[in-house]
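Q: Return a 3D structure for these sequence lines:
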Amino acid sequence: MGRWREYNVARGLKRCFGFEHRHRTALVDNPVGRLVQDLMYQGGVDQSSVRWCDDDGVGRQARNGLNFTDRGFGLRAAVGCSDRGHTAVSQLKAAT
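A: Residues are numbered from 1 along each chain as shown. Now for the predicted structure:
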């Protein structure tokens, strides 16, 4: 699957076209990380390359990235905000 691809792209390729993808990422082992794992499972995306990081309880060591998007209204388009600082996936190192 390459260095990193957004999970929603992998899920869409699997659900729409049947392409098999292994999602290579890292998640913090907490309820948010397990929710993402369940969504990957439901979408048929292979999770065997997910690296799990310990949860320190407050996200100082690693966090799960979040993306907030509202729906927009009328002529106003949806507005999004990514919160990805210090995420578990940002700490992955390339294999040598």
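
Q: remind me which residues of the chain are low pLDDT?
A: By pLDDT under 70, the low-scoring segments of the chain are 1-5, 95-96.

Q: Now do the strands in it.
A: The residue ranges that make up the strands of the chain, judged by DSSP state E, are 25-28, 50-53, 66-69, 80-83.

Q: Quickly run through the sheet partners of the third one, with directions.
A: Looking back up the chat, that one is strand 66-69. Looking at strand 66-69 with DSSP bridges, its partner strands are strand 80-83 (antiparallel).

Q: contact partners of the helix ranked longest in the chain?
A: Taking DSSP state H as the criterion, the chain has its longest helix at helix 31-43. Residues external to helix 31-43 that are found in contact with it (C-beta atoms under 8 Å, 6 or more residues apart in numbering): 7, 10-11, 14-15, 23, 27, 47, 50, 52, 55, 64, 66, 88. The way it works is simple: take the backbone N, C-alpha and C, and place the C-beta from them, glycine included.
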